[in-house]
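> Could you work out the structure for the sequence below:
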Amino acid sequence: MNSRSVLVAMTITALAIPASSIAQAVSADVTLKFPLNLTQLPPDVSKVRVECEISSAAITDAEPGLAGRSFAPGVPRNVRKSQEFPVSGGQVVTPATLLFSFTALNDPVGKTADISCELWGWSISVQSWNTLGETSAVPAFRTISASVPVITSSFVW
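Numbers count the residues shown, from 1 in each chain. From the prediction side, this is the model:
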């Protein structure tokens, strides 16, 4: 079996929120950066997608994409972003950058935000997306180069 490797490190940059913002809606940008080094991907995988979600009690229903959705009180809201990359020669070696722009955070100072990111692949033969990993139920998505398809982290606003 060919050896496959992946290097996925995450850098989180959050815009500083001044202490004077307590008890008011504030905005902030969060940038997630990933150096992707996926090699020897299965030939059936033609695209790779990095998909991330940020979940926090500071995120309000007023954020784009959440308006009109119903949430139970106290349940953290989440926002998703993704970026796709073409596979060339069985590889994706490039930086990925996802920018989250929050426009209506509610009292964010001191609240935790959880981050979860996954690596997905597009299969030409199956014509669908699925997470990449060595234990994938679908052979087209089995790869050692993305053996840990979920990356988690957190930060405090």
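> From now on I want contacts and neighbour counts done on CA atoms only, so please keep to that.
OK.
> which residues in this structure form strands?
Taking DSSP state E, the strands of the chain run over residues 11-14, 25-38, 45-56, 77-86, 92-106, 112-123, 128-131, 150-156.
> Packing partners of the third one?
In this case it means strand 45-56. strand 77-86, strand 112-123 (3 or more CA pairs under 8 Å, 6 or more residues apart in numbering; DSSP states H and E).
> What is the shortest one packed up against?
In other words, strand 77-86. Applying 3+ CA pairs under 8 Å, 6+ apart, we find strand 77-86 packed against strand 45-56, strand 92-106.
> rerun at 6 Å
Helices and strands touching strand 77-86, by 3 or more CA pairs under 6 Å, 6 or more residues apart in numbering; DSSP states H and E, are strand 45-56.
> shouldn't Thr152 be in contact with Ser116?
Yes. Counting by CA atoms under 6 Å, Ser116 is a contact partner of Thr152 at 4.5 Å.
> Gly121 and Ser136: what is the separation?
Here Gly121 is placed at a distance of 11 Å from Ser136 (CA to CA, to the nearest Å).
> Those two: which is more packed in?
Under the criterion of other CA atoms under 10 Å, the comparison of Gly121 against Ser136 puts Gly121 first, with 28 against 14.
> got JSON lines for the strands of the chain, with distance to Ala140 and mean pLDDT too?
Shown next, in JSON lines, are the strands of the chain (distance: least, CA to CA, whole Å; pLDDT from 0 to 100):
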{"stretch": "strand 11-14", "distance to Ala140": "30", "mean pLDDT": "48"}
{"stretch": "strand 25-38", "distance to Ala140": "15", "mean pLDDT": "87"}
{"stretch": "strand 45-56", "distance to Ala140": "7", "mean pLDDT": "93"}
{"stretch": "strand 77-86", "distance to Ala140": "16", "mean pLDDT": "91"}
{"stretch": "strand 92-106", "distance to Ala140": "16", "mean pLDDT": "90"}
{"stretch": "strand 112-123", "distance to Ala140": "6", "mean pLDDT": "93"}
{"stretch": "strand 128-131", "distance to Ala140": "9", "mean pLDDT": "89"}
{"stretch": "strand 150-156", "distance to Ala140": "18", "mean pLDDT": "89"}
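> Redo those as a markdown table? Include distance to Arg142.
Listed next are the strands of the chain as a markdown table, based on distance: least, CA to CA, whole Å:
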| stretch | distance to Arg142 |
| --- | --- |
| strand 11-14 | 26 |
| strand 25-38 | 13 |
| strand 45-56 | 10 |
| strand 77-86 | 18 |
| strand 92-106 | 16 |
| strand 112-123 | 10 |
| strand 128-131 | 9 |
| strand 150-156 | 14 |
